[in-house]
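Chemist: Sequence first, then the predicted structure, then my questions.
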Amino acid sequence: MSGHRIERDSMGELQVPQDKLFGAQTARAVANFPISGRGIGRQMIQALGLVKLAAAQVNRDLGHLEADLSAAIVDAAREVVQGELDDHFPVDLFQTGSGTSSNMNANEVIANRAIQLLGGQVGSKSPVHPNDHVNFGQSSNDVFPTAIHVAALTQLEQRLTPALGRLRDALAVKAAAFDHVVKIGRTHLQDATPIRLGQELGGYASQLEHAIQHLESCSWHMRELPIGGTAVGTGINTSAEFGRRMAARLSELTDVKFVEAPNHFEAQAARDAAVQLSGTLKTLASALIKIANDIRFLASGPRLGLGELELPAVQPGSSIMPGKVNPVIAESLIMVCAQVIGNDTAITLGGLYGNFELNVMMPLIARNLLEQIQLLAAAATTFTDRLVMGLAAREDAIAARNERSMALATALAPAVGYDRAAKIAKMSHETGKTVRELAHEQQVLPQEELDRVLDLRRQTEPGL
């Protein structure tokens, strides 16, 4: 259907495309913000739909909304949640800082769709009004931050945490499989004392376990929903029960635990919960960069690098060098982590703009926070499936190198003294002979004792 219809808001009449369910306020926002061509994203649209669905049910239960209107709003909001009406959400990400344009976009779309379901005329605001019915007991100032919390925590619990758990478990499996492989450790990028490859990968698994715990420990703040505070946190024009009932209903709809914010002034004026979560995601990104880079370097070569690990070959690595295979999965993860760290900077700056009773950077915070979660979940899954699960140890290459390490002199020090052990290490460097060969030649210890002291496996298990 082509053409336009006339819709009205408090500023007057405006033409709206006939085939769109949004109204005048959305159309004004589209005209006002031709900035990036990027909207608020599927997860935020879904979360706004969930808030409106829950509000229609809670307002019905509180006696503020007739049952037939509530049912139509619920049905329309459910279509928003399911992604059936995404084409009717055109407002740019860079809009009013409270998210008012997107909140009204949701109100108008849901109202017009409910009108359709009730057999009325789209744009008439009858029998369903976007403000009086869909937005009853709410304000953009408590709806939009509530949607941020709902979207972020849902994605965190349903996507990112499971993805990190799979990566942790995959690393733990490899750690167990490689536990018998003794290699030379490295500190300051220089040879150090022996370590088992399993111990090294076990450290990575522990990083992931700690990352999961960090995310869980900061989630409590995201569980607090601002809904019920309306304009400035006082709860004007809504019931005192509204916030508590909304948190309970949204918990039922998402299978994620939410509660009403104990202090609505903090909940609306500041976005500290989002800033904290973003900082925790940055910490995760830092850990993943460390893991991906270590694995990338340990697999370097394959003949003239470290060559201790072998990565699955997933694609040709060069347009000019035949046979070259690159660590592209690790590189992809590292790029994702760089983006996450960049997003955190924007979110941190956004958190500074909580002026008096309202933060005015909420759409930016929402988009960046949700992108962080989505990117990390997808990249962690890919890293698990296409790299870690196929990781192999190059045991022969590792064993051939072990005896050449001058760091083996460290194990001699308790038995022969630091100075003599240092002299043997220096001679090893100058002559090319191994520490074991020089210690044997100089008869620094009886042969049986020397073999025990220089046993590489024993050096990875203090006390043996």
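Modeler: It's in.
Chemist: contacting residues around T161?
Modeler: Applying CB atoms under 8 Å, 6 or more residues apart in numbering to T161 gives the contacts I212, L215, E216. No exception for glycine: its C-beta is placed from N, CA and C like everyone else's.
Chemist: Swap in 7 Å and give it another go.
Modeler: Contact partners of T161, counting by CB atoms under 7 Å, 6 or more residues apart in numbering, are I212, L215.
Chemist: Check the one 3 residues further on too.
Modeler: Listed by CB under 7 Å, 6+ apart, the contact partners of L164 are L208, A211, I212, A380.
Chemist: Assign a three-state SS to R168, would you?
Modeler: Following DSSP: H, G, I helix; E, B strand; the rest coil, R168 is assigned to helix.
Chemist: For A366, see how far away T154 is.
Modeler: 13 Å (CB to CB, to the nearest Å).
Chemist: Between the two, point out the one with more neighbours.
Modeler: Taking neighbours as other CB atoms under 10 Å, T154 and A366 compare with A366 leading, 29 against 23.
Chemist: Can you tell me the closest non-neighbouring residue to A422?
Modeler: Of all residues beyond its chain neighbours, the one nearest A422 is A409 (6.9 Å), with distances taken as CB to CB, 6 or more residues apart in numbering.
Chemist: And the pLDDT at the one you found?
Modeler: According to the prediction, A409 has pLDDT 88.
Chemist: Verify the contact between it and A421 for me.
Modeler: Yes - with contact defined as CB atoms under 7 Å, A409 reaches A421; the gap is 4.5 Å.
Chemist: These two: who's more crowded?
Modeler: Using other CB under 10 Å as the criterion, A409 and A421 rank with A409 on top: 25 against 21.
Chemist: Got phi/psi on that one?
Modeler: phi -60, psi -20 (degrees, to the nearest 10).
Chemist: returning to what we had before: contact partners for the residue nearest to A422?
Modeler: With contact taken as CB under 7 Å, 6+ apart, A409 is in contact with A421, A422, I424, A425, V435.
Chemist: where do the helices sit along the stretch 101-250 of the chain?
Modeler: In the stretch 101-250 of the chain, the helices defined using DSSP state H, counting those that start in this stretch lie at 140-155, 161-177, 197-222, 242-254.
Chemist: In the record's domain split, what are the boundaries for this protein?
Modeler: When the chain is parsed with automatic domain parsing, its domains come out as 4-136, 142-396, 403-459.
Chemist: So for the first one, first residue to last residue, what's the gap.
Modeler: The one in question is domain 4-136. 28 Å (CA to CA, to the nearest Å).
Chemist: what's the answer for the longest one, then?
Modeler: With CA to CA as the measure, the first residue of domain 142-396 is 62 Å from its last.
Chemist: for the stretch 1-150 of the chain, which spans come out with low pLDDT?
Modeler: Where the stretch 1-150 of the chain drops to pLDDT under 70, the residues are 1-2.
Chemist: Among the contacts of L164, list the two that are farthest apart in space.
Modeler: I212 and A380 (11.0 Å; CB to CB).
Chemist: quick one: which of these two has more around it?
Modeler: Taking I212 and A380 together and counting by other CB under 10 Å, A380 has the greater number of neighbours (26 against 18).
Chemist: What residues does the more buried one make contact with?
Modeler: A163, L164, L167.
Chemist: Over to A152?
Modeler: Neighbouring residues of A152 by CB under 7 Å, 6+ apart: M222, A274, L277, L369, L370, I373.
Chemist: try 8 Å this time
Modeler: Counting by CB under 8 Å, 6+ apart, A152 touches M222, A274, L277, A366, L369, L370, I373.
Chemist: Select from those the one having the most neighbours.
Modeler: L369 (31 neighbours).
Chemist: Please state the offset of the helix or strand hosting it from the chain centre?
Modeler: For L369, the element it lies in under DSSP states H and E is helix 362-386. Its chain's C-alpha centre and that of helix 362-386 lie 4 Å apart, by CA atoms, centre = their mean, to the nearest Å.
Chemist: Next, the angle from that helix to helix 140-155.
Modeler: 10 degrees (axes from the mean of the first three to the mean of the last three CA atoms, to 10 degrees).
Chemist: Just the buried residues of helix 362-386, please?
Modeler: Residues 362-370, 372-384, 386 are the ones in helix 362-386 that count as buried (16 or more other CB atoms under 10 Å).
Chemist: One more: stretch 97-109?
Modeler: Buried residues in stretch 97-109, counted by 16+ other CB under 10 Å: 97-109.
Chemist: Which of those fall in strands?
Modeler: Residues of those located in strands (DSSP state E): none.
Chemist: With distance to R458 added, can I get these in CSV?
Modeler: Shown next, in CSV, are the buried residues of stretch 97-109 (distance: CB to CB, whole Å):
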residue, distance to R458
G97, 63
S98, 64
G99, 62
T100, 68
S101, 67
S102, 63
N103, 66
M104, 70
N105, 67
A106, 66
N107, 71
E108, 73
V109, 69
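Chemist: which one of those is nearest V328?
Modeler: Among the buried residues of stretch 97-109, and counting by CB to CB, the member closest to V328 is S102, at 36.7 Å.
Chemist: That closest one: what's it in contact with?
Modeler: S102 neighbours (CB under 8 Å, 6+ apart): I40, M44, L48, F89, V91, Q95, F144, P363.
Chemist: Select from those the one having the most neighbours.
Modeler: Within these, neighbour counts (other CB under 10 Å) peak at F144, which reaches 31 neighbours.
Chemist: Check the separation of the first and last residues in stretch 353-361.
Modeler: 6 Å.
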